[in-house]
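Engineer: one predicted model, sequence on top.
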Amino acid sequence: PPWLRLLMPAPGTQPRGRRARRGRPPVLLLPAVLAVLGLCGRAEGALTSKLRVLACERGYAPFIYADTGQGFKGFEIDMWEKIYALLKLEVLRSRDEYLMDLVGETPPQIIPVPPGNGTWDEMIHWAAGPEGRGDVLFCGYYLQAYRARWVDFSMPTMTSGYTMVVSAVRKPIDGLTLIASTVQTPEPQAAFAILILLIMSVIYAHIIWVVERHENITIREWYGPGVFDAWWLGFVTATTVGYGDKAPVTYVGRVVTVIWMLAGMYSVGLFSASLTTGLVASNLAEDGAFESAIQSHSDMAGKRLGSYFGLADAAAKSVEPSASDVTIYSSQGEAYDALMAGEIDIIVDDKIGAEFFSSNPPYLGNVTLAGPIWSPEEYAYIITRPNGTEHPLLPHLYRANLEFFRGLLRDDSIEIINTWFEVPIDETSEAVERLSGSLAQLNSIIAIILSTVAIVWGCSTAWHHRELAVKSRERNALMNALECTSRFDRYQAKKGAAKLFKEWDLDGDELLDLDEITGALRKHGFEKTKDLEIMVMREAAKSGIMIPENKKEFRCNQHQFQTLLSRVLTEGFEAEAATTLDEPAQKQHVMAVLDEFRVKGDLLDYKMNRIEWVLRGGVQNEDVPKPPEWGQEPIEMYKVKRTRSLHTITAKNLGSFDTN
């Protein structure tokens, strides 16, 4: 009638897609339409549906099964409730009085098919036979071509396939498995914790290097080695190891270290918690899963097979021709009970049914799926053919199915499917999943930042070590020239410098100018050193030598030259006290004391040589060789042992001694 058409959308104008899911006006009108029909319809009240809807009494979970005292339940029952509501709208729009009377206004009763009717095909013949006992049949039917000779099918409702079900045996968790579970791929939370610890330690290392490098002898001034020293200090502090080889000495450095201690404890604790709860638990759960000797279709050969539907025998032999005949049980429960009792080795089952049974008591933890899935199959429900002709509701049922799965009630269909076929999603696990996804992206960003910092630091360190290698080659060449066996042998360095002074003093004026020094150094391993003249001038200034404004006027005597080369050999060019202490402070102190003893020994030799020269009459006799000056190599006659006996002092010698 015209008033009903005002409440219903015209054909072709029903919204689709997002607008349908957002507004869904036709679904909202459904209760109103049915209420109006109930008030304005026949006087005798709501019309009872005359549809004969059948269901197998023995059930086929999770599609349909008997609910004690409450009829039937399952996926097909929930689906039928929604499809029936849409079917009423389709029939109303057709304005076919016969179909409206057949469908009615209240859902029809579900009529059980007696269990004595045997197999699935026998139930079809019972429902669709000449007696015409039913219009619609639910029992989780496969959409098979040969069945289409007797009945019609709805559009496919689900897709599945065949699988094997075996008894569940948990894998033992031995010591090796326990150890292996701790070294597998870590959880994103654990990776995030360790990355945060690394990037915070890098930041801390740079701050400490900036504030400590001029005050702390354990933090080198060069960027690469200095930052590594500070990073080492930060990492051993955060992990509460604390070797004590390095420690901050400035107030700023100590305050920053206290803050770093708190942040480091948090990061290490977060990493430990994530590692134990995430990594070990999840890996042990995976390693402790079920195991089975049956892994492929070929394993069915020689095994006792069972099932509860006739198609299972042909399905098993299609992938393993040598498989034994499948024992058919009257219901799912009987087949699974036989497997648990050890009467059979494998159940050839549908994947959906197997997943449902293996995840619900009493079979949860006792059976498990094994091997790959084969022979994909589609599910549909049966629509009979009255008197051998197409059922008049068939096209309307098709449209109602389309609206349910692809149209107005698509969201409801997804919800019902998830209810019966998907594992319930734990909200906490879902939140952890979202967090893990976010952390994975953040971990990538932090890893890129750390990689960039590591590349910069590595390049700086490599450059520094390159410079150290050059300086080491220069020092070794200088040691060879000075005839030293150790860079810390200052005594021999000064003696060798005295010898080089004579060789390098080309003009014989007892002074070395800048050209003579640099020219000789270039011949002794410093040929590739840049700005050698400037470096020599700087080291000379640090050694106490007066530097003239014009470098051409630079001169140094033998003693100054000895001091200069000794400093260069020990510390290198452009060395500062704080930056050259790459040896322990105690060793530096010992070397300084030893150097002092050697200086005093040189002074004692000098005085003894002067006394010997006087005693030999050197003051009055020019034939007596004069002893070497301070720092010079002694001549042969003065190379005497300390244990020699002194000559008898005569009055003449005493007089000469007193005079001088």
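Structural biologist: Noted; the coordinates are in hand.
Engineer: and Met200, how close does it get to Trp231?
Structural biologist: 11 Å (CB to CB, to the nearest Å). C-beta coordinates here come from the backbone N, C-alpha and C atoms, glycine included.
Engineer: my bad, should have said Val103
Structural biologist: 78 Å.
Engineer: the more surrounded of these two?
Structural biologist: Val103 (23 against 19; other CB atoms under 10 Å).
Engineer: next up, the contacts around the more buried one.
Structural biologist: Going by CB atoms under 8 Å, 6 or more residues apart in numbering, Val103 touches 49-51, 84, 87-88, 91, 393.
Engineer: got a pLDDT number for it?
Structural biologist: We have a pLDDT of 92 for Val103.
Engineer: just to be sure, Ala447 is in a helix?
Structural biologist: Yes: counting by DSSP: H, G, I helix; E, B strand; the rest coil, Ala447 is located in a helix.
Engineer: Leu195 is in contact with that one, correct?
Structural biologist: Yes: the criterion here is CB atoms under 8 Å, and Ala447 meets it with Leu195 at 6.3 Å.
Engineer: who has more neighbours out of these two?
Structural biologist: Taking neighbours as other CB under 10 Å, Ala447 and Leu195 compare with Leu195 leading, 21 against 14.
Engineer: run through the stretch 501-650 of the chain and note the low-pLDDT ranges.
Structural biologist: Residues of the stretch 501-650 of the chain meeting the criterion pLDDT under 70: 571-595, 598, 630-650.
Engineer: one more: the chain?
Structural biologist: 1-46, 69, 115-118, 170-187, 274-291, 423-439, 486-491, 571-595, 598, 630-660.
Engineer: the longest strand in it is where?
Structural biologist: strand 367-383 (DSSP state E).
Engineer: quick one: strands adjacent to that one?
Structural biologist: strand 136-142 (antiparallel), strand 152-153 (antiparallel), strand 158-167 (antiparallel) (DSSP bridges).
Engineer: pick the most deeply packed of those.
Structural biologist: Mean neighbour count (mean count of other CB atoms under 10 Å) peaks for strand 136-142 among the strands paired with strand 367-383, with a mean of 23.
Engineer: now that one, how far from the chain's geometric center?
Structural biologist: Distance of strand 136-142 from its chain centroid, counting by CA atoms, centre = their mean, to the nearest Å, is 48 Å.
Engineer: ok, now stretch 385-404?
Structural biologist: 55 Å.
Engineer: name the residues that touch that stretch?
Structural biologist: Defining contact as CB under 8 Å, 6+ apart, one finds that stretch 385-404 is touched by 51, 79, 82-84, 86-87, 90-91, 94, 96, 98-99, 102-103, 128, 132, 135, 150-152, 154-155, 157, 383-384, 409-410, 412-413.
Engineer: how about the strands in the stretch 151-300 of the chain?
Structural biologist: Along the stretch 151-300 of the chain, counting by DSSP state E, counting those that start in this stretch, strands occupy 152-153, 158-167, 169-170, 290-291.
Engineer: kindly export the longest one (C-alpha atoms) in PDB.
Structural biologist: Right, the one you point to is strand 158-167. Extracted in PDB, the C-alpha atoms of strand 158-167 (Å, rounded to 0.1, in the frame of the first residue of the first chain):
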ATOM      1  CA  MET A 158      31.800 -19.800   5.200                       C
ATOM      2  CA  THR A 159      34.900 -21.400   3.600                       C
ATOM      3  CA  SER A 160      36.800 -24.200   5.200                       C
ATOM      4  CA  GLY A 161      38.600 -27.400   4.300                       C
ATOM      5  CA  TYR A 162      39.800 -30.800   5.700                       C
ATOM      6  CA  THR A 163      42.400 -31.200   8.400                       C
ATOM      7  CA  MET A 164      43.700 -33.900  10.700                       C
ATOM      8  CA  VAL A 165      43.000 -34.000  14.500                       C
ATOM      9  CA  VAL A 166      45.300 -36.000  16.800                       C
ATOM     10  CA  SER A 167      45.800 -36.400  20.500                       C
END
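Engineer: ok, Leu233 - contacts?
Structural biologist: 205, 208, 219, 246-248, 257.
Engineer: repeat that for Ala335.
Structural biologist: Here Ala335 is in contact with 306-308, 329, 344, 347, 349 (criterion: CB under 8 Å, 6+ apart).
Engineer: let me know the helix or strand that it is in.
Structural biologist: Assigned by DSSP states H and E, Ala335 belongs to helix 332-340.
Engineer: how far does whatever helix or strand comes next after that helix sit from the chain's center?
Structural biologist: Going down the chain from helix 332-340, the next helix or strand is strand 346-350, by DSSP H and E. Between the centre of strand 346-350 and the centre of its chain there are 39 Å (CA atoms, centre = their mean).
Engineer: tell me the angle of strand 346-350 relative to strand 158-167?
Structural biologist: Put simply, strand 346-350 runs at 170 degrees to strand 158-167, going by axes from the mean of the first three to the mean of the last three CA atoms, to 10 degrees.
Engineer: listing partners with orientation, what would you give for strand 346-350?
Structural biologist: By DSSP bridges, strand 346-350 pairs with strand 158-167 (antiparallel), strand 305-307 (parallel).
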